[in-house]
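Colleague: mind folding the following:
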Amino acid sequence: QVHLVESGGGLVQAGGSLRLSCAASGSIFSINAMGWYRQAPGKQRELVADITSGGSANYADSVKGRFTISRDNARNTVYLQMNSLKPEDTAVYYCNADVRANVYSNTYRSYWGQGTQVTVSS
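Modeller: From the prediction side, this is the model:
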């Protein structure tokens, strides 16, 4: 079993910054992509950013230039630095990781964190 634990959410004024962290633990041989998704009330969950084990990052158009994703492979941790926050960034942010459990399996399974609330006031 794999657990993802997010931290760093909270309430911030528009224009402010927050840094989210997500640490993966448990039965982990390797992790492929790690990413952040968000879901606002009444909307579908959407990709915010993801990053490969080699460090290649991909961003949603709405956050390009404001958010930066990074990861520490030794700590199985992914970060999301969010700057110039806007009220429309308000959502529950979820961490995701594609995990290979052991050396005997070639399969990667997707895991989700429990979510952390980010609220941006105007």
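
Colleague: check residue 64 and give its pLDDT.
Modeller: Confidence per residue is given as pLDDT, and for residue 64 that number is 98.

Colleague: ok, residue 34 next?
Modeller: Residue 34 is given a pLDDT of 98.

Colleague: ditto for the one 4 residues further on
Modeller: On the pLDDT scale, residue 38 is placed at 98.

Colleague: for residue 104, same thing?
Modeller: The per-residue pLDDT reported for residue 104 equals 87.

Colleague: ok now do residue 11, which residues does it touch?
Modeller: 119, 120, 121 (CB atoms under 8 Å, 6 or more residues apart in numbering). Placement of C-beta: from N, CA and C, glycine included.

Colleague: so what strands line up beside the helix or strand harbouring it?
Modeller: With elements taken from DSSP states H and E, the one containing residue 11 is strand 10-13. According to DSSP bridges, strand 10-13 forms sheet pairs with strand 116-121 (parallel).

Colleague: buried set for the partner strand?
Modeller: Buried residues in strand 116-121, defined by neighbour count with 16 or more other CB atoms under 10 Å: 116, 118, 120.

Colleague: phi and psi next, for residue 44.
Modeller: Here the main-chain torsion angles of residue 44 (degrees, to the nearest 10) amount to phi -80, psi 160.

Colleague: of the contacts of residue 11, which is the nearest to residue 68?
Modeller: Nearest to residue 68 among the contacts of residue 11: residue 120, at 17.0 Å, using CB to CB.
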